[in-house]
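S.K.: Below are the sequence and a predicted model; questions follow.
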Amino acid sequence: MANPEEMREGMPEDRPEGMPGSMKEAIRAILGLFRTRERFVLTTHINPDGDGIGSEIALASWLRKRGKEVRVINHSPLPAVYRFLDPGGTVGEFDPDRDGPAIAGADVIVVLDTNHPDRLQSMKEAVLGSPATKVCIDHHLDPDPFASPALLDENATSTGEILYRLLFGEGDEGLTAEVATGLYCAIMTDTGSFRYPRTGPLTHTILSRLIACGADPVRIYAEVYERWSKGRIHLLGEVLAGLRTEFEGRLAHITITREMLSRTGTSEEDTDNFTTYPMSVDGVRVGILFLEIEGGVKISFRSKGMIPINALAMEFGGNGHKNAAGARIAGGETGEVRARVLSAALKYVTGGE
């Protein structure tokens, strides 16, 4: 097992442009705030995933054990698949009248798993307008410098991994079963169940410590991946029946319409992880999901190897990781958006490796 100092030293000193100070300085500053401040608000991005929710739950529990006053407030409601992490119902959906005073009166606001305030949606104005110290902990590219201190590591598998190293780089004191479960869920979901490229020995060392401290890998996997509704199964069947390939089978794409969601009694939340399926086709290097949403189209991009799919996402106003990214296009008709994206994807499919 790696010693704690090696785990903390493993965080690279190189940082995204605009990050204030070194990683070590950010760690010291954030832990100082966690020790000395009393009122905290934690939040994450719109349509939160397992990394955002798991990190929130873990940090909230850790802070509460230290006597801190903590509110977890998000723009979006807690996805049903992650309710097992929050049996007490402590994660709230933002209401300006109810939650505005808490955000304005917080000592510290911690933004997890996103480094752009735009992704806070309805909470953006309240968060940026609060006199609280803003902290950002994240692993995505191209940060907006809205928070200081900020602990940003684009080489990490997940925000959960960064949070583990921040809180437990010097030992497991305070690593309760609740905290371990949140962090395990965060890392599991953002590594695609430990199969994405950045998953390495350090990741598995962290996982072993989380399991030793109470995370149950069988239960966590079952809660996230084995509790599908009948409607979601039917939706997946329709989606896969419409799977198409392009460019001699190197790109696969699927489309989900609002009519399909209505007919199967499902929602955007039920499409989580559907990007796995285009990428499972033999020979495919790029997978794209087109999802009709109110007023536009949400696009999820995935790639293998050296194909920088985030660059394609950026062409359509999005961003993300090298092999996983997303974008939202307002006002576009799905067929027209799909045609434009596929046309732009050609150069990445044929020249990205």
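M.R.: It's in. Just so we're clear, the structure is a prediction, and the values are computed from it rather than from any experiment.
S.K.: From here on, just use CA atoms for contacts and neighbour counts.
M.R.: Noted.
S.K.: how far does stretch 70-84 sit from the chain's center?
M.R.: Centre-to-centre, stretch 70-84 and its host chain are 13 Å apart (Cα atoms, centre = their mean, to the nearest Å).
S.K.: tell me which residues in it are buried?
M.R.: Residues of stretch 70-84 classed as buried under the neighbour-count rule (16 or more other Cα atoms under 10 Å) are 70, 71, 72, 73, 74, 75, 76, 78, 81, 82.
S.K.: before we move on, what about stretch 323-331?
M.R.: Across stretch 323-331, burial judged by 16+ other Cα under 10 Å covers 323, 324, 325, 326, 327, 328, 329.
S.K.: same question, stretch 332-349
M.R.: Of all the residues in stretch 332-349, those buried under the rule 16+ other Cα under 10 Å are 334, 337, 338, 341, 342, 345, 346, 348, 349.
S.K.: Closest one of those to residue 149?
M.R.: Taking Cα to Cα as the measure, residue 149 sits nearest to residue 348 out of those, at 35.5 Å.
S.K.: ok, the closest one touching residue 310?
M.R.: No: at 10.4 Å, residue 348 does not count as touching residue 310 under the criterion of Cα atoms under 8 Å.
S.K.: got the buried residues of stretch 323-331 as CSV, with distance to residue 114 columns?
M.R.: Shown next, in CSV, are the buried residues of stretch 323-331 (distance: Cα to Cα, whole Å):
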residue, distance to residue 114
323, 17
324, 14
325, 13
326, 13
327, 14
328, 16
329, 19
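S.K.: Looking at the residues you listed, which are in strands?
M.R.: 324, 325, 326, 327, 328, 329 (DSSP state E).
S.K.: residue with max distance from the center of the chain?
M.R.: Residue farthest from the centre of the chain, counting by Cα atoms, centre = their mean, is residue 248 at 31.9 Å.
S.K.: domain ranges for the protein?
M.R.: With domains defined by automatic domain parsing, the chain comprises 4-224, 230-351.
S.K.: where in the stretch 201-350 of the chain is pLDDT low?
M.R.: By pLDDT under 70, the stretch 201-350 of the chain has no low-scoring segment.
S.K.: All the helices of it, in order from the start?
M.R.: 201-212, 217-225, 230-241, 258-264, 276-279, 309-315, 334-351 (DSSP state H, counting those that start in this stretch).
S.K.: Not counting its neighbours along the chain, what's nearest residue 318?
M.R.: Using Cα to Cα, 6 or more residues apart in numbering and skipping residues adjacent in sequence, the residue nearest residue 318 is residue 327, 3.9 Å away.
S.K.: which of the buried residues of stretch 332-349 lies closest to residue 266?
M.R.: Nearest member of those to residue 266, counting by Cα to Cα, is residue 334, at 18.8 Å.
S.K.: quick one: contacts for that closest one?
M.R.: By Cα atoms under 8 Å, 6 or more residues apart in numbering, the contact set of residue 334 is 290, 292, 296, 297.
S.K.: and if you look at residue 122?
M.R.: 75, 94.
S.K.: Would you mark the buried spots in stretch 138-154?
M.R.: Neighbour counts using 16+ other Cα under 10 Å place 138-141, 143, 145-154 of stretch 138-154 among the buried residues.
S.K.: How about stretch 168-186?
M.R.: Residues of stretch 168-186 classed as buried: 168-169, 174-186 (neighbour count, 16+ other Cα under 10 Å).
S.K.: Relative to residue 118, which of those is nearest.
M.R.: Nearest to residue 118, judged by Cα to Cα, of these is residue 186 at 22.0 Å.
S.K.: tell me the pLDDT at residue 4?
M.R.: On pLDDT, residue 4 comes in at 38.
S.K.: What of the one 5 residues further on?
M.R.: The predicted local confidence for residue 9 comes out at a pLDDT of 41.
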